[in-house]
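# any chance you could fold what I've pasted below:
(one chain, ligands or ions: 1)
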Amino acid sequence: MKTHLVWLRADLRIHDNPALYAACQDPDARVLAVYIATPEQWRRHEMAPRQAAFLLDNLAALRHALAGRGIPLHYHQCPDFSDSVAWLADFCRSQGADALFYNYQYEFNERRRDRALEQALDGRVTCQGFDDGVLLPPGSVRTGDSGMYKVFTPFRNACLRKLAEADMQCVPAPARRVNPAPESRDGLAPFDYPRQAPGEEYPAGEDAALSRLRTFCHQQMQDYRKARDIPSLDATSRLSAYLALGVLSPRQCYNRLSRAYPLVLEHADSGAFTWLNELIWRDFYRHLIVSYPALCRHQPFIGWTRHVAWCRDENLLAAWQLGKTGYPIVDAAMRQMNQTGWMHNRLRMITASFLVKDLLIDWREGERYFMSRLIDGDLAANNGGWQWAASTGTDSAPYFRIFNPTTQGRRFDERGEFIRRWLPELAAVPDTYLHEPHLWPGAGEDGLDYPRPIVDHGSARQTTLAAYKAAKDRGLSSGTG
Ligand SMILES: Cc1cc2nc3c(=O)[nH]c(=O)nc-3n(C[C@H](O)[C@H](O)[C@H](O)COP(=O)(O)OP(=O)(O)OC[C@H]3O[C@@H](n4cnc5c(N)ncnc54)[C@H](O)[C@@H]3O)c2cc1C
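Numbers count the residues shown, from 1 in each chain. Predicted structure coming up:
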């Protein structure tokens, strides 16, 4: 009897899982699934403990779903990717595997690991990889001269044309095996990793993810275009944590969206189109890391930005991390992330801009800190977002566009509903002063239990403009522009 092994990684689901589906096509084959936890590797990748805990919860749900199909999930924990390759090659041998199926991961270390595995198996086991975790496979959306788009809008337009023609059908979950393999006896031991519960907002499993997707499509999509920028509203899907671990696929999102809004591709001013646009941003960053693997190594896309003379000030960095900058919208956002593992997109842009353009701290410090806290941490999206905010990336905000944190606060949280939720120490401050509480005369002699602004935005802005300009001049004169 043939043995087919499915190696699950960032695709923790049984529905619309191309590798699992392909492994189950031969009705007579014995199908086994395997998951390998690599906590030391995760430490190097700065994975948030909350995300690791969410992963474990989802793994338990997946194991249950697979067992119902007669597919045992084998589980192993080893330090890092190179140990996982050695272990998996042995496991294939011990199980007499004929074929190994997996969905691609597009990050640099993950791709290197997969190549190392293929070498270790040396043709004894057939390896079959599948595109997954994207709407369209990286490399399939090309400019006229076969390059990767460097600007989002033409990339988006090319994606829309392809989506209109592509077969975007999801593959079904496998049926129960006629000859189910015996259950695995591997216990799902907690990872050797710091533990932090994901929180009630994140029930595990694909049923929870699919139900959230359905509810969002039917109840919130209409208002998404207008409401998605207001952090006090629960107006976005909150699906990012599921998408990051592959508990849900972007194809499932697209299918549900186009079933609910069949004309989505034609109505560019609709909520549905705006949401699809965000899914395409997600694809864009994934396609970019494949075309420019140096992005995975935290290199800036724009060469001259390497010359920016960053400020190294541990106190300023800590104030930003803890939400104690004296700028309420920044602080409320950082506390939301520290306490829940999620931050609203508008606030990710504001806080990232503040770190880089007000404190002049290297964007990589922020990128790392976000990864270590986010339940939806995702290398491509996080790197893309940081490089966008720092003006170091492709299609970034130009370096001279600097958010004013006070006006951003006024604009997107006018009445301070969001700020008051996360900064109870500002409860007594009237709306007029909420965005500049240090100016409130009512603070009394003892003042508020809230810091004064750690930098003056106006002068910080000038310093940043000068630092970027000097870096650009240096880059141009040394040919690294
Ligand atoms: C500095 C910075 C860092 C970020 N880090 C991450 C990260 O680590 N992981 C992550 O998933 N997203 C990241 N984002 C993108 C975005 O903020 C989140 O995807 C979004 O806030 C998740 O909430 P949601 O699921 O309710 O999004 P929705 O508004 O419902 O959007 C639907 C989905 O589209 C994708 N998406 C939305 N906006 C973006 C975007 N700008 N770029 C890429 N994909 C997007 C997400 O998968 C999201 O779940 C970052 C953005 C910035 C500016």
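
# what about the residue of the chain found nearest the ligand, how many residues nearby?
As assessed by CB to the nearest ligand atom, the ligand sits closest to residue 385 within the chain, at 2.4 Å. Every residue, glycine included, has its C-beta placed from N, CA and C. Counted with other CB atoms under 10 Å, the neighbours of residue 385 add up to 22.

# try residue 206
Neighbour count of residue 206, defined by other CB under 10 Å: 25.

# roughly how far does it sit from residue 240?
Residue 206 sits 15 Å away from residue 240, going by CB to CB, to the nearest Å.

# hang on, residue 63 packs against residue 73?
Yes. Counting by CB atoms under 8 Å, residue 63 does reach residue 73; the two are 4.3 Å apart.

# show me which residues of the chain are close to the ligand?
For the chain, the residues in contact with the ligand (CB under 6 Å from any ligand atom) are 228, 236-240, 243-244, 275, 278-279, 281-282, 285, 345, 348-349, 352, 370, 374, 376-378, 381-382, 384-386, 389.

# and the residues you listed, which are buried?
Neighbour-count burial within those applies to 228, 236-240, 243-244, 275, 279, 281-282, 285, 348-349, 352, 370, 374, 376-378, 381-382, 384-386, 389; the criterion is 16 or more other CB atoms under 10 Å.

# which SS state does residue 101 fall under?
With DSSP: H, G, I helix; E, B strand; the rest coil as the basis, residue 101 sits in strand.

# and the regular element (helix or strand) spanning residue 84, what's buried?
For residue 84, the host element (DSSP states H and E) is helix 81-95. For helix 81-95, a neighbour-count test (16+ other CB under 10 Å) marks 81, 83-85, 87-89, 91-92, 95 as buried.

# then stretch 201-221?
In stretch 201-221, counting by 16+ other CB under 10 Å, buried: 202-206, 208-210, 212-213, 216-217, 220-221.

# report the two of the residues you listed separated the most.
204 and 221 (24.3 Å; CB to CB).

# which parts of the stretch 251-400 of the chain are helices?
For the stretch 251-400 of the chain, applying DSSP state H, counting those that start in this stretch gives helices covering 271-291, 314-322, 328-340, 345-353, 363-373, 379-390.

# any chance of CSV for those, columns mean pLDDT?
CSV is the format used below for the helices of the stretch 251-400 of the chain (pLDDT from 0 to 100):
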stretch, mean pLDDT
helix 271-291, 98
helix 314-322, 98
helix 328-340, 98
helix 345-353, 98
helix 363-373, 98
helix 379-390, 98
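
# could those helices go into JSON lines alongside distance to residue 467?
What follows is these, written out as JSON lines (distance: least, CB to CB, whole Å):
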{"stretch": "helix 271-291", "distance to residue 467": "26"}
{"stretch": "helix 314-322", "distance to residue 467": "15"}
{"stretch": "helix 328-340", "distance to residue 467": "20"}
{"stretch": "helix 345-353", "distance to residue 467": "15"}
{"stretch": "helix 363-373", "distance to residue 467": "13"}
{"stretch": "helix 379-390", "distance to residue 467": "12"}
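
# quick one, grab the pLDDT at residue 180.
What the model reports as pLDDT for residue 180 is 85.

# next one: residue 480
On the pLDDT scale, residue 480 is placed at 67.

# do residue 362 as well
In this model, residue 362 is scored at 98, pLDDT.

# show me what contacts it?
For residue 362, the contact set (CB atoms under 8 Å, 6 or more residues apart in numbering) comprises 308, 310, 312, 356.

# mind running it again at 10 Å?
Counting by CB atoms under 10 Å, 6 or more residues apart in numbering, residue 362 touches 298, 308, 310-312, 317, 355-356, 368, 390, 392.

# let me know the closest of those residues to residue 430.
Nearest to residue 430, judged by CB to CB, of these is residue 355 at 28.8 Å.

# what helix or strand is the residue lying closest to residue 436 once chain neighbours are set aside on?
Computed as CB to CB, 6 or more residues apart in numbering, the closest residue to residue 436 that is not its neighbour in sequence is residue 406, at 6.1 Å. Using DSSP H and E, residue 406 maps to helix 405-412.

# show me what that helix is packed against.
Contacts defined by 3 or more CB pairs under 10 Å, 6 or more residues apart in numbering; DSSP states H and E place helix 405-412 against helix 328-340, helix 345-353, helix 417-422, helix 457-478.

# same thing but at 6 Å, please
With contacts taken as 3 or more CB pairs under 6 Å, 6 or more residues apart in numbering; DSSP states H and E, helix 405-412 sits against helix 328-340.

# buried ones in the helix it packs on?
Across helix 328-340, burial judged by 16+ other CB under 10 Å covers 328-337, 340.

# report how many residues lie close to residue 254.
Residue 254 has 19 neighbouring residues, counting by other CB under 10 Å.

# and it, what does it touch?
With contact taken as CB atoms under 6 Å, 6 or more residues apart in numbering, residue 254 is in contact with 135, 168.

# need the per-residue pLDDT for it.
On pLDDT, residue 254 comes in at 98.

# from residue 404, how far out is it?
Taking CB to CB, one finds residue 254 at 36 Å from residue 404.

# quick one on the thing from earlier: can you redo the contacts of residue 362 as CSV with neighbour count?
Below are the contacts of residue 362 laid out as CSV (neighbours: other CB atoms under 10 Å):
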residue, neighbour count
298, 15
308, 25
310, 15
311, 16
312, 11
317, 18
355, 27
356, 26
368, 16
390, 27
392, 25
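
# least confident of the residues you listed?
pLDDT across those is lowest for residue 298, at 94.

# so that residue touches residue 364, yeah?
Yes. Using CB atoms under 6 Å, residue 298 is in contact with residue 364, at 5.2 Å.

# about what we covered before: CA atoms only: put the helix holding residue 84 into PDB for me.
Only the C-alpha atoms of helix 81-95 are listed here, as PDB (Å, rounded to 0.1, in the frame of the first residue of the first chain):
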ATOM      1  CA  PHE A  81      14.500  24.200  10.600                       C
ATOM      2  CA  SER A  82      17.600  22.200  10.100                       C
ATOM      3  CA  ASP A  83      16.600  19.700  12.800                       C
ATOM      4  CA  SER A  84      13.200  19.500  11.300                       C
ATOM      5  CA  VAL A  85      14.700  18.500   7.900                       C
ATOM      6  CA  ALA A  86      16.800  15.700   9.500                       C
ATOM      7  CA  TRP A  87      13.800  14.400  11.500                       C
ATOM      8  CA  LEU A  88      11.400  14.500   8.600                       C
ATOM      9  CA  ALA A  89      13.700  12.700   6.300                       C
ATOM     10  CA  ASP A  90      14.000   9.900   8.900                       C
ATOM     11  CA  PHE A  91      10.200   9.900   9.500                       C
ATOM     12  CA  CYS A  92       9.600   9.400   5.800                       C
ATOM     13  CA  ARG A  93      12.000   6.500   5.900                       C
ATOM     14  CA  SER A  94      10.400   4.900   9.000                       C
ATOM     15  CA  GLN A  95       6.900   5.300   7.600                       C
END
